[in-house]
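Participant: Here is my input; please provide its structure:
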Amino acid sequence: MDNSEQLNQAKVELKALKEENAQLRKQLTAALQGKNVSESPLVLNETHESLIAKEQSYRTLLLNLPGMVYRCKNDKNWTMVLLNDGVTALTAYPKNDFLEGRVFYSSLIHPEDRKKVWDDIQSSLAENQAFELSYRIIDAFGKLRWVWERGRRITDVVTGNTYLEGLILDITSQKNSELQIERSELKFRTFFNQIRDAIFVFPILPDRFGTFEEINHIALNLLAYSAEEMATMSFTDICPDVVALENWSRKLGNKNPLVFECRLRAKDGSFTDCEISAQIFIQDEQKMIIAVARDIRDRKRQLEQLRLAMEKAKEADRLKSAFLSNISHEIRTPLNSIIGFSDVLEKGDFDPDSMKEFASIIKNSGHMLLSVVTDIVEIAQIESKQININNERLSILDLLLEVMTAFQPLAKKKGIKLISQIPTDIPDFFSDPFYVRKIIDHLLANAIKYTTEGSVHLSCSTENNKVLINVSDTGPGIESKDRANIFELFYRATNNVNITHSGTGLGLSISRGLARLMGGDLYYVPLEPNGSEFVLVLPFDELKLNPSDMSLENNSDPSKKSRILIADDLEVNFVYLKELVRSLNAEIVHAWNGQEVVDVIGKMDFDLILMDVRMPVLNGIDALKQVKQNKPDLPVIVQTAYASEGEGQKYLDMGFDGFLAKPVRRNQLLQEIGRFIS
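Facilitator: Take a look at the predicted model:
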């Protein structure tokens, strides 16, 4: 018989015994108070003998009940006046140690429980109720035991003394089982809520899925419902796709879990792609399902990225093969000319004009081959980040005007207009002039190459600490299907627009790579109905001019206006120089050739002439001779693109007062002019 059965039996027997004892006490009291014996069915002697017998029987029963049966005083020590032998089995102390005052039961109660036990018992007694509680004691061997106690207050009707009577049972094994269950439950609950997947537990009813009985925190966070809301919902409420899964119960009847993909619907109506693993189990004869849902959105994104990467790798491989085929052509074509005409020159005897023509072909082919090799090396350096960006002071105004000057003849040769829109108030800033020029050169060369009629525009502006350089054209443009790939390596190999034009197809890749190395970028913008626009974006770190740079402008006398004659047969060169000297408070006059220079100085006085060397009708050198004959004190500064190192002195020896090599830099120009105009 286990402790619970013993306890129930003890309660029944104790109740009957107490009822009988109370009746006996009542009869004994009446007899002792001199009441009519006839009122009681017992005479005094018979009552006394019966009471003794009943008391012995009562004590015998109490002493043989399982557990510790006690009667004690309601004092702080709970001094015992009656105990059965069960006290020794419970506490490991002899019974007489308690009855003779050597051990007090209160000292056995665990210190942490002692006050609560006292308070709970006194609270029940104050309400004239029986008390029932469980707590810990420490036995004679120092062993911790859990006990259950039930008792009540009694009053001796003879003596009037108040006692506590009750039963104490050892429930250590049951309590340990409960604690073990609690620990297991805590461990399960911790695991249940800490697992990274959403978990749903619900019953299978005859015609539907039952409402959720267990949901972990991950499920609540995933679907944004509260626990109270989900307690009224079923799996079909959050997984509308589940109705399309046929024979769920049959499939779940297998030993292996049912695994499938579906979408779970959150409270806001959004869906999450999940992989569900569902398994059936039995709980209290009820079929239950535990469904574990894993969010697979990241996995799907990764798979999609992997698929795109594989496609990109295949496309790159295809483009590389096309590039190798194309680059072979680009290399073999100039090599064929170089080797062929070298062989011709070696074996033949040609007149000087033919030899000059053949040498020119070999030279041009060599430049073509060098360009191909340079592109290949440069793209490798960009990809390995081995290019060093040298940030220095850059005058974008000077650079763009130089570029316009350089490309004007090419545009004129093709019969298209080269138009610029360059504000003159853009300050200098830090960047790499060499690579900025390289990118713009490539964009302009491409625009002119693919534009058969119309115009090419070059413009510049600043916006949000950025410098924007735009190159647009009225050419055929780029088809929409190709626009996303134009900056990819080797893309030119598959672009039909390029079939009639030579090139490696690396130019745009190189240009964007250089732009990004400088902290900027390069974008493509389609124009309607035809045409293309490329936008070079550079970081704009404005530089203030040094006092020495501004000395000429600052020292200019507003009341005295100088007059400068600019002689150049190209309008773009004139516009460029005019912009450079705009701040000098000078009147600018333009002469298209040397003869106009000679004619105009006879009609007007000038403080300075900027003379180009190569001009139609009368070149700059011959014009200088006539200028010096008429006005020997008039300063003439030569500006030429045909000057090599050391030739500056040659021009000074010819009679020029100053020398500027093209491309003309603003600071150089101002310093040279400052020598003659204060």
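Participant: Could you report the distance from the residue nearest the centre of the chain to Arg263?
Facilitator: Among the residues of the chain, Asp298 comes closest to the average C-alpha position under Cα atoms, centre = their mean, at 13.1 Å. With distances taken as Cβ to Cβ, to the nearest Å, Asp298 is found 15 Å from Arg263. Glycine gets a C-beta too; all of them are placed from N, C-alpha and C.
Participant: tell me the SS of Lys413?
Facilitator: helix (DSSP: H, G, I helix; E, B strand; the rest coil).
Participant: Count the neighbours of it for me.
Facilitator: 9 (other Cβ atoms under 10 Å).
Participant: what's the closest non-adjacent residue to Ala515?
Facilitator: Leaving aside its chain neighbours, Ala515 sits nearest to Leu522 (4.5 Å; criterion: Cβ to Cβ, 6 or more residues apart in numbering).
Participant: Next secondary structure after the helix-or-strand element of the chain with minimal mean pLDDT?
Facilitator: Across the helices and strands of the chain, mean pLDDT, DSSP states H and E gives its lowest value to helix 551-555, namely a mean of 45. Helices and strands here follow DSSP states H and E; after helix 551-555, the next one along the chain is strand 562-567.
Participant: State the mean pLDDT of the helix or strand that comes right after that next one.
Facilitator: For strand 562-567, the succeeding helix or strand toward the C-terminus, using DSSP H and E, is helix 571-580. Averaging pLDDT along helix 571-580 gives 78.
Participant: if we can go back for a sec, quick check: bridge partners of the residue nearest to Ala515?
Facilitator: Beta-bridge partners recorded for Leu522 (DSSP bridges): Leu536.
Participant: how close does it sit to Ile426?
Facilitator: As judged by Cβ to Cβ, Leu522 and Ile426 stand 19 Å apart.
Participant: For the nearest residue to Arg437 once chain neighbours are set aside, the count of nearby residues, please.
Facilitator: Leaving aside its chain neighbours, Arg437 sits nearest to Leu399 (5.9 Å; criterion: Cβ to Cβ, 6+ apart). Neighbourhood size, Leu399 [other Cβ under 10 Å]: 20.
Participant: Also Gly513?
Facilitator: 23.
Participant: show me what contacts the closest residue to it other than its chain neighbours?
Facilitator: Nearest residue to Gly513, sequence neighbours excluded (Cβ to Cβ, 6+ apart): Ile382, at 3.7 Å. Residues near Ile382 by Cβ atoms under 8 Å, 6 or more residues apart in numbering: Ser509, Ile510, Gly513, Leu514, Leu517.
Participant: average model confidence for the lengthiest helix in the chain?
Facilitator: Secondary structure of the chain per DSSP state H: the longest helix is helix 297-347. Mean pLDDT, helix 297-347: 78.
Participant: Can you give me the buried ones in stretch 457-475?
Facilitator: Neighbour counts over stretch 457-475 (16 or more other Cβ atoms under 10 Å) mark 457-460, 462, 467-475 as buried.
Participant: no wait, stretch 594-613
Facilitator: Across stretch 594-613, burial judged by 16+ other Cβ under 10 Å covers 594-598, 600-601, 606-613.
Participant: Which of the helices or strands spans Ile137?
Facilitator: For Ile137, the host element (DSSP H and E) is strand 131-138.
Participant: Contacts for that strand next, please.
Facilitator: With Cβ under 8 Å, 6+ apart, strand 131-138 has contacts from 90-91, 108-110, 112-113, 116-117, 120-121, 124-125, 144-152, 166, 171, 175.
Participant: redo that, cut-off 7 Å
Facilitator: 91, 108-110, 113, 117, 120-121, 124, 144-151, 171 (Cβ atoms under 7 Å, 6 or more residues apart in numbering).
Participant: counting contacts, what elements does the longest helix of the chain pack onto?
Facilitator: Under the contact criterion of 3 or more Cβ pairs under 7 Å, 6 or more residues apart in numbering; DSSP states H and E, helix 297-347 touches strand 271-283, helix 352-383.
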